[in-house]
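J.: After the sequence you'll find the predicted model.
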Amino acid sequence: MADRVGGNGSYDEYFVPYGLVAPGQMFALIAQRHMAEFGTTAHQLGSIALTCRARANRNPHAQMFERSLTMDNYMAARMISRPLRLFDYCLETDGACAVVVTSAERARDCPQPCATIRAVAQGGLPAMQGGLVFPALMRQELTTQPSATVAEALYRRAGLGPSDIDVAQIYDCFTITVLLQLEDYGFCPKGDGGPFAAGGAIGLEGSVPINTAGGNLSEGYIHGLNHIVEGVRQIRGASTNQVAGSEVCLVTSGIPTATSALILTKGR
């Protein structure tokens, strides 16, 4: 289009020459906005990192198995892109996992209990920006992400709501992405993600236990497919951090350009 300029639509020349070259820097700016608007603190982000690490400490397949993390460790870690510290970032991982998708009828004959895909959704916000990732910073609103739009469609298709979710595997390339999605998927009001996480709601005994294998932050970064695998384990009752009575699991993917999510339920 004649009114569009910039690197074949990438818009990178408006960001890269000024030092914005990595996703962590972009999410740091989003985290700063959330802190400015709602008073979110570093300790609240740290509580997300500690929660994921605690789950990985009991998962023998996690990179951070038996490698504990304290709040003092978290706060003392080097700053990478303010306000995000070392442990706000996901791991770098060589690994693999897989899922097998088939009909419910065939799955009933499998040796393991099946997890039913109750609903899926994918999408972005209205009036999406062009380019790859960084143009998401051009939005007027940074603290609401495409996950809010996807959540609405997902819950409608599933015939469920936030209160029906027993456990959630929330895409955690950075701690701030968890906080934003806790709000966008309706587990707490907008702006309350920090106190919600720090208050224990995302722990095993909380209202919405998250990332029960350790997530991208502490199990391994396999682009979120490990979140789906852990969701299936929870539905089967086979997780190393099993949530009692877990029959409905939310699994989300990355933000901020577009996103997707699914809900797994116990097979019947």
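T.: Arrived safely.

J.: Break down this protein into its helices, ranges please.
T.: In chain order, the chain shows helices spanning 23-38, 42-56, 71-76, 104-107, 146-158, 175-184, 193-198, 215-218, 225-236, with DSSP state H as the criterion.

J.: Name the stretch among the ones you listed that sits most buried.
T.: Here the criterion is mean neighbour count by mean count of other Cβ atoms under 10 Å, and of the helices of the chain the winner is helix 215-218, at a mean of 29. From N, CA and C alone the C-beta is placed, and that goes for glycine too.

J.: In the chain, what helix or strand scores lowest on average pLDDT?
T.: Counting by mean pLDDT, DSSP states H and E, the chain has its least confident helix or strand at helix 104-107, which shows a mean of 90.

J.: Need the contact partners of that helix.
T.: By Cβ atoms under 8 Å, 6 or more residues apart in numbering, the residues outside helix 104-107 that reach it are 114, 116, 267.

J.: Please tell me I have it right and residue 172 contacts residue 213.
T.: No: contact status for residue 172 versus residue 213: not in contact, 11.2 Å apart, counting by Cβ atoms under 8 Å.

J.: Looking at these two, which one has more neighbours?
T.: Taking residue 172 and residue 213 together and counting by other Cβ atoms under 10 Å, residue 172 has the greater number of neighbours (31 against 25).

J.: Check that one and give its pLDDT.
T.: The predicted local confidence for residue 172 comes out at a pLDDT of 98.

J.: residue contacts, it?
T.: For residue 172, counting by Cβ under 8 Å, 6+ apart, the contacting residues are 48, 52, 90, 178, 211, 215-217.

J.: Near residue 144, how many other residues are there?
T.: The number of residues packed around residue 144, counting by other Cβ under 10 Å, is 15.
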